[in-house]
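*Asks:* My questions concern the predicted model and sequence given below.
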Amino acid sequence: MSIGYSIKEGFAGFGRTKLASATSTFSLFIAVLLAGFLTRGGYALYTLAVDLTDEVQMEIFLAPISEERTQDFGDYLDEQPWVESIEFTSKEAASARFEQEFGEGFSSEALADLDFLPASFTLILTPDIPIDEVQQQVERLQEFQEVDDIAFNAALYQQLRSRVDQSLWVGLSVASVILIASIWLVFNTIRLTIYAKRDTIKAMKLVGATNAFIRRPFVIEGVLQGWIGSIVAFGVLDALFRWGVPLAIPQMGVLAWPLGAWYYLAAGMLLLGTLIGLLGSTMASHRFIRLA
């Protein structure tokens, strides 16, 4: 009986403070929509930045050494924990690639005679390795007799890493501000609803109703606002990335869903809206029902 009454009163709260409820639900919709937009767009940008970072390679050019020493040195590099993968390019392969890129006027045989294209190892670094550690490894490898030179763009690597970190912090900061503002709006909406029912609340207290019983409909109202705002927000977000983004930027196409499926983001947005509505309504009902 009490559950049915609470649900009925939770829905009825929308009718008592129409403007405040509509404003709160709309604000919550905007908050969840922006959070979803930041999550999906930020996920795409983050994966792109990580892919670009992974493509920053270290190339180790070898001194004239025997095939056996080359093999041993390659095995040593492959065993290093900071090396994700390794690829060997022989002098002949380097000459052939040079000829392919610069034209037939540069024959691989002539380049091999000039001996200015050494064999090399191309290293892909492990993800999230600190730039300081990479520079230490470069300095250490330069002391090896097998190494003639090392090509590694430390500045580019550091810039990409810093951009990834900055994008994460900016996204978290914006999301935090949005969440706080949304909770505050729900808080004020429930406060207005409680104020509109203050006489009824006093009468319920006189006949023995507990604060928990009186509080439950207001909490349900806040949760309902969260559900409505979240469901509408996900529909708008899906339409935006399905048609709006490709229309504005055709080359981007449809961005991938975080974790590879739409329902993860949908569940996250619904949970976020529920938590915003629950927190705002719980705080307001705890505070103001005692004063009613």
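*Replies:* Right, received. Where do you want to start?
*Asks:* So residue 182 is in contact with residue 26, correct?
*Replies:* No. In this structure residue 182 lies outside contact range of residue 26 using Cβ atoms under 8 Å: 10.5 Å. The way it works is simple: take the backbone N, C-alpha and C, and place the C-beta from them, glycine included.
*Asks:* So for those two, which residue has more residues nearby?
*Replies:* residue 182 (29 against 15; other Cβ atoms under 10 Å).
*Asks:* what's the spacing between the more buried one and residue 174?
*Replies:* For residue 182, the distance to residue 174 equals 13 Å [Cβ to Cβ, to the nearest Å].
*Asks:* and what of residue 57?
*Replies:* Taking Cβ to Cβ, one finds residue 57 at 33 Å from residue 174.
*Asks:* what's the answer for residue 168, then?
*Replies:* 11 Å.
*Asks:* Equivalent analysis for residue 79, please.
*Replies:* From residue 79 to residue 174 the distance is 43 Å (Cβ to Cβ).
*Asks:* neighbour count winner among these two?
*Replies:* Applying other Cβ under 10 Å to residue 79 and residue 174 shows that residue 174 carries more neighbours, namely 14 against 9.
*Asks:* Can you tell me the element the more buried one falls in?
*Replies:* Assessed by DSSP states H and E, residue 174 sits inside helix 154-196.
*Asks:* tell me what that helix is packed against?
*Replies:* Under the contact criterion of 3 or more Cβ pairs under 8 Å, 6 or more residues apart in numbering; DSSP states H and E, helix 154-196 touches helix 2-16, helix 18-54, helix 131-141, helix 211-239, helix 262-289.
*Asks:* Let me know the angle separating that helix from helix 211-239.
*Replies:* Put simply, helix 154-196 runs at 140 degrees to helix 211-239, going by axes from the mean of the first three to the mean of the last three Cα atoms, to 10 degrees.
*Asks:* just checking, residue 282 touches residue 221?
*Replies:* No. Contact criterion Cβ under 8 Å: residue 282 and residue 221 do not qualify, at 11.2 Å.
*Asks:* on that earlier part again, neighbouring contacts of the helix or strand following the helix holding residue 174?
*Replies:* Using DSSP H and E, the helix or strand that follows helix 154-196 towards the C-terminus is helix 198-206. Contact partners of helix 198-206, identified using Cβ atoms under 8 Å, 6 or more residues apart in numbering, comprise 194, 213-214, 289, 292.
*Asks:* list the contacts for the most centrally placed residue in the chain?
*Replies:* Note on the chain: the residue nearest the mean C-alpha position is residue 43, at 4.0 Å, using Cα atoms, centre = their mean. Residue 43 is in contact with 256, 258, counting by Cβ under 8 Å, 6+ apart.
*Asks:* go with 10 Å
*Replies:* Neighbouring residues of residue 43 by Cβ atoms under 10 Å, 6 or more residues apart in numbering: 171, 255-259, 265.
*Asks:* cool, and residue 24?
*Replies:* 14, 17, 182, 184-190, 192-193, 221-222, 225-226, 229, 276-277, 280-281.
*Asks:* Chain neighbours aside, what residue packs nearest to it?
*Replies:* residue 189 (3.7 Å; Cβ to Cβ, 6 or more residues apart in numbering).
*Asks:* Is that neighbour in contact with residue 224, as I believe?
*Replies:* No. The criterion here is Cβ atoms under 10 Å, and residue 189 misses it with residue 224 at 11.3 Å.
*Asks:* More neighbours: the two, which one.
*Replies:* residue 189 (30 against 20).
*Asks:* show me the contacts for the more buried one.
*Replies:* Counting by Cβ under 10 Å, 6+ apart, residue 189 has contacts 13-14, 17, 19-25, 27-28, 218, 221-222, 225, 277, 280-281, 284.
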